[in-house]
Every structure is written in C-alpha cells, then in structure tokens.
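Asker: Got a predicted structure here, sequence first:
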Amino acid sequence: MQQISSMAPLSLSLARLSAGLPGSSGRWLLPVAIALSQVACAQTPAAPSSDPTPTPIRLAQPVAGAPQAPASVAPIAAAPAALAAPANAWPAGRLPAEVEAALQRGKVASDAVSVVVMDVSGAQRPLLDVHSDVGRNPASVMKLVTTYAALEILGPAYTWDTRIATDGQVAQGALNGNLYVQGSGDPKLVMERLWLLQRRLLGQGIQVVVGDVVLDRSAFALPPIDPARFDNEPYRPYNAVPDALLLNYKSLTMRFIPDAAAGVARIAYEPAVAHLRLPSTVPLLKTKGNACGDWRGALKAQMADATQIQFLGGYPAACGENSWAVAPAAPDRFAPRVFEGMWRELGGKVTGQVRMGTTPDGVQPLMSFSSPTLGEVVRDINKYSNNVMTQQVFLTLGKERAGIGTFEGGRQAVAQWWSERVPGMAQPTIDNGAGLSRDARITAGSLAKMLSVAWNSNVMPELMASMPIVGVDGTMKNSKSAHTGGAHLKTGTLRDASAIAGYVNGRDGRRWVVVAMANSDNAPQARPAWDALIDWVAAQ
C-alpha cells in the first residue's frame, strides 16, 4: 500500500490525479478516470456485530483441478521433508549477496526482512526462505488477499447495481415525486459513469425532479471514520472513506492552466460540484531562475472550511499546466454535491434537495445501472493500488455473506475462505482489506502458499493480469529491475513497511512465487533490494 493518484471533456487524467501522492510506488495512472491510487480509509474499528445469520461461503465457480493443500501443511520455514529441495536451493536463512548489499545501503536490517521464493507448483521446498513464519505488515500487498478471495467467492463477472426508483409519476418532462438512488457499493461510479447514469435518467423523460433526490447508502453499515486518522492527511485522496454510494472516490481534481496575458492561472474543476465555493483563478507568480518548485505549497491552499476552497498564494508561471486531486472537507456531503452539480450541468433541475436518506418500501423501479465486472475492478485495484476500491470490494464480501456490508463481515468472509483454500497456513490479520493499516499482518510463508494455490485456481488469469508488470505499468512502471516485462508483482509501501509479492518468470522458462516484506523505519529504502531480488530470481 503506497501512501501516495476517454471521454472528453469528462475524463479524469490519472497522470494529474497521481501527482503529489506520497510513496515510492504509488504512481497510478488508470486509463478511464481511475483516480486516487491509495484512496483508503483510516484504521477502521470493527462494525457492530448485529448482522443476521451469515450465509456460508460458496465459491462462485468450482475450482476444478486446483489441488487443495492438506490440512496439516506446516509453515514454509519448516517444510516437510517429503518436499524435495531445488537443485539450486539457497542456504536456509540467508539472502543473496546483491540483495543483502542493497538492504545495507538502505540501512534496512536483515532481521526486519522476510523473503520466500518458491516454485509456483508448491511441489518443492522454497528456493529461498528467510523469516517466512514472521508476521509482518504487508502494506498494500494485502490487496492480493482481498482481491483473490473476492474473485473466487463472487466470481470475475460479479457486478454492482445502482438502482433508481421513485414514489411519483413522470409527466411532460417532470417527475412529480422523489427520486431514489440506491447504492450497492459500486467501486467505480466515477464522473464519466455518473454522467451516463444521469443521461439515462434524462432518457426516461425526467428533466425536472419536483421533489427531492434521495441518495441511499444503507447497503454498508460503517462506524464513524475520520479520514485524518491514519496519517493526519484528511484531504489526500488515498484516505477517502468507503461508501455504498461512492461517487468519484470522493475526490475533486483541480486543473491549473497558466494564462500569461491575464497574469493568472485559470482553474478547472472535475467533476462539477454544487454548494462549494471554488475560485476560478489564482495569480501567476514569478520564481527565482524561472523554476517551478513546490507549486502546491505556493498556492497556500485552505481546505478546512466545508463550504469553500481558498488559495492564499499563487501559481508559479514556470510550472505549465498541472492537476491536483483532493478529497474536500465534509466527505459525507460530497455525493449530494456531485450528483446535483453534474445534474444541473446536464440541464436537469430539482425543486427540492439532493440529500442522503433511505429508499422506502413500495417505490416504483425506474432503472438499474450496472458497474464494470469484478475482473475489471480487480485490475484497477492492483495495478494502481486503489485503497477505497479495495475496501468497497471487502465490504461487499461482508454484504454478500450477511446482507449488509461491514468490515467485520468482510473479515469473517475472508477468514472462512482462507481456511478452505489455504488450510494449515497462518491466517492474515486483514483489518480493512486494503493494507492502509498499522495493524495488518501476514507471514511471507502464508502469502507465498496462497499465491501457489492461486496459480492453480480458475481465476488465476484475472488475478495475475491485475498485478503490475515490472518496468511496464502500474506501481512497478518505474522499477529499476533489469527484468522488464518478466514479472507480475503487487507492491506495498507505508512509512515503515515495504513489500512485493507475485510471480517472476525465470529466464529458463520456470515461474516462481516471490514474496518480500520489510518492516522498519527505513523500510521504503528496501525497494532497490526488491529490484535486485527480482533480477536474482530471474537468473535462477
């Protein structure tokens, strides 16, 4: 988990949205408005355990041909003697010299590191095994557990439906009554798709709602969550809080366009937002040596006021055009403001309020709007490490199990699935499912075993294709490994945790499961060591 971001003119540029989000591997650039890599909620307390009797886990499709691990599987560090060692097995507990040297340069102690390298079949003892039974914080690598579980439990074709209903009648372009928009947890109801939903409402003959628009988020039952709780950065999109009716990841993109002749930078906002005062320009600044410098700092943004965003500074003229994605104050007001802002921008009207509420019984269905499939969502999550999307999926596991989405329900669903699919291996401490947590834990041995099981799963193609490709895309695009294109690896970074996990192709055609985690104050400095590990594995 890195703590770090078409349809013109409604596109969200991911290059813009990722700018300024901290973390060495958090440059996420989704093609269709997937903003906000690292969009995540803070460490979340368990929801009240008032769920109805849970539904037993049923895999969405049989896992034909996927061998089940025996119930007595031991930790990898103490693999049964029946498993033969690879011919080139490394001495137990030792790291390759080039990996050790990179850790030393980064001042990361070797006892703070866990590494497992094993054949994907799991038929041999690990090629490399260092502290594989020590529970560590995997940061965003925890997303692999959530997404693999979801692919098997829900199925790659699973979709979320946003339902529209009314208690009135449509006549002569007016809906005489309330309009109800009932969310089910769609992780990707971004501005382009909200625009399409509203266009379809216009197509139903509704131009004016003579009543209220009621946004229903009751599919999830969440405790109060402070977006500043994790790292005191409440306006960073990676701290966005999940929601059953999540619109555009609760994020606003501000685009700064210098106009030298007018002496200002013009500001464009996406999406349109109602009832939030936003300046249209800021002064252009001249900087020493015509350098851009810290343009966000130069703006002196003021975001604490829930009614407006202000800039007390200016924008450096030398910076050219740039974008900044933020999660505005009062996140609970974001969905009503965006729904109304975009509706009015399309020419629609509402005589009442756009507000949060619940859908009453007996209303008349108007339409249903489906999300992209889970297979597509998982790719967006893992390629660009999107936190809030992961939590939406995690809460959905709880919703499908118990009828309402809670974090505790998600944890129970994953725990039951894990006991069936990775028996005998230590259960992960999964917290909110996204890895943006100080409490999440998993052992390298357990994660490596899970990836070996996944290799033989029916959903392996979807899971593997969702992982960043080394040196090519996602959070691994800027990897310094020489093995460009030869590995699919999920990354994770917090201030005190760094990890990679996935699959590496050996140059002889063999495929390896690779898991590496470091937990220490200097953990982010382990990234060069992970690049060295990838190159070492590829040469085996």
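Answerer: Perfect, I can see it now.
Asker: Okay, now the unreliable bits of the protein?
Answerer: Under the criterion pLDDT under 70, the flagged ranges of the chain are 1-89.
Asker: which stretches of it form helices?
Answerer: With DSSP state H as the criterion, the chain has helices at 14-18, 97-105, 143-154, 191-203, 295-299, 334-345, 374-384, 387-402, 407-421, 444-455, 460-465, 527-538.
Asker: Looking at those helices, spot the one closest to residue 270.
Answerer: helix 191-203 (6.3 Å; CB to CB). For glycine as for every other residue, the C-beta is placed from the backbone atoms N, C-alpha and C.
Asker: thinking again about what came up before, could you identify which of the helices of the chain is most buried?
Answerer: Comparing the helices of the chain by mean neighbour count (mean count of other CB atoms under 10 Å), helix 387-402 comes out on top with a mean of 28.
Asker: Which strands and helices lie in contact with it?
Answerer: When contacts are defined as 3 or more CB pairs under 8 Å, 6 or more residues apart in numbering; DSSP states H and E, helix 387-402 packs onto helix 143-154, helix 374-384, helix 407-421.
Asker: need those helices in TSV with distance to residue 475, can you?
Answerer: What follows is those, written out as TSV (distance: least, CB to CB, whole Å):
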stretch	distance to residue 475
helix 143-154	11
helix 374-384	7
helix 407-421	23
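Asker: And the helices of the chain: which comes nearest residue 238?
Answerer: helix 387-402 (5.5 Å).
Asker: Can you give the distance from that closest one to the centre of its chain?
Answerer: 12 Å (CA atoms, centre = their mean, to the nearest Å).
Asker: what does stretch 330-343 give?
Answerer: With CA atoms, centre = their mean as the basis, the mean position of stretch 330-343 lies at 21 Å from the chain mean.
Asker: Residues contacting it, please?
Answerer: By CB atoms under 8 Å, 6 or more residues apart in numbering, the residues outside stretch 330-343 that reach it are 181, 191, 194-195, 198, 213, 215, 217, 227, 240-241, 243, 245-248, 250, 271-276, 306, 327-328, 349-350, 353-356.
Asker: can you pull the contacts of residue 194?
Answerer: In this structure, residue 194 makes contact with 247, 248, 271, 338, 339, 342, judged by CB under 8 Å, 6+ apart.
Asker: can you do 6 Å?
Answerer: residue 342 (CB atoms under 6 Å, 6 or more residues apart in numbering).
Asker: Please report the distance of it from residue 98.
Answerer: Distance, residue 194 to residue 98, by CB to CB, to the nearest Å: 49 Å.
Asker: circling back to that earlier point, mind putting the helices of the chain in JSON lines, distance to residue 256 included?
Answerer: Output for the helices of the chain, formatted as JSON lines (distance: least, CB to CB, whole Å):
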{"stretch": "helix 14-18", "distance to residue 256": "10"}
{"stretch": "helix 97-105", "distance to residue 256": "38"}
{"stretch": "helix 143-154", "distance to residue 256": "32"}
{"stretch": "helix 191-203", "distance to residue 256": "19"}
{"stretch": "helix 295-299", "distance to residue 256": "8"}
{"stretch": "helix 334-345", "distance to residue 256": "20"}
{"stretch": "helix 374-384", "distance to residue 256": "23"}
{"stretch": "helix 387-402", "distance to residue 256": "25"}
{"stretch": "helix 407-421", "distance to residue 256": "37"}
{"stretch": "helix 444-455", "distance to residue 256": "42"}
{"stretch": "helix 460-465", "distance to residue 256": "35"}
{"stretch": "helix 527-538", "distance to residue 256": "31"}
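Asker: who wins for proximity to residue 125 among these?
Answerer: helix 444-455 (11.4 Å).
Asker: Run the angle between that closest one and helix 407-421 for me.
Answerer: Put simply, helix 444-455 runs at 70 degrees to helix 407-421, going by axes from the mean of the first three to the mean of the last three CA atoms, to 10 degrees.
Asker: Using PDB, write down the CA coordinates of helix 444-455.
Answerer: Taking Å, rounded to 0.1, in the frame of the first residue of the first chain, the C-alpha atoms of helix 444-455 are listed here in PDB:
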ATOM      1  CA  ALA A 444       5.600 -14.400   3.900                       C
ATOM      2  CA  GLY A 445       5.100 -18.200   4.000                       C
ATOM      3  CA  SER A 446       1.400 -17.900   4.200                       C
ATOM      4  CA  LEU A 447       1.300 -15.300   1.300                       C
ATOM      5  CA  ALA A 448       3.600 -17.500  -0.800                       C
ATOM      6  CA  LYS A 449       1.400 -20.500  -0.300                       C
ATOM      7  CA  MET A 450      -1.700 -18.500  -1.200                       C
ATOM      8  CA  LEU A 451      -0.100 -17.400  -4.400                       C
ATOM      9  CA  SER A 452       0.800 -21.000  -5.200                       C
ATOM     10  CA  VAL A 453      -2.800 -22.100  -4.600                       C
ATOM     11  CA  ALA A 454      -3.900 -19.100  -6.800                       C
ATOM     12  CA  TRP A 455      -1.700 -20.400  -9.600                       C
END
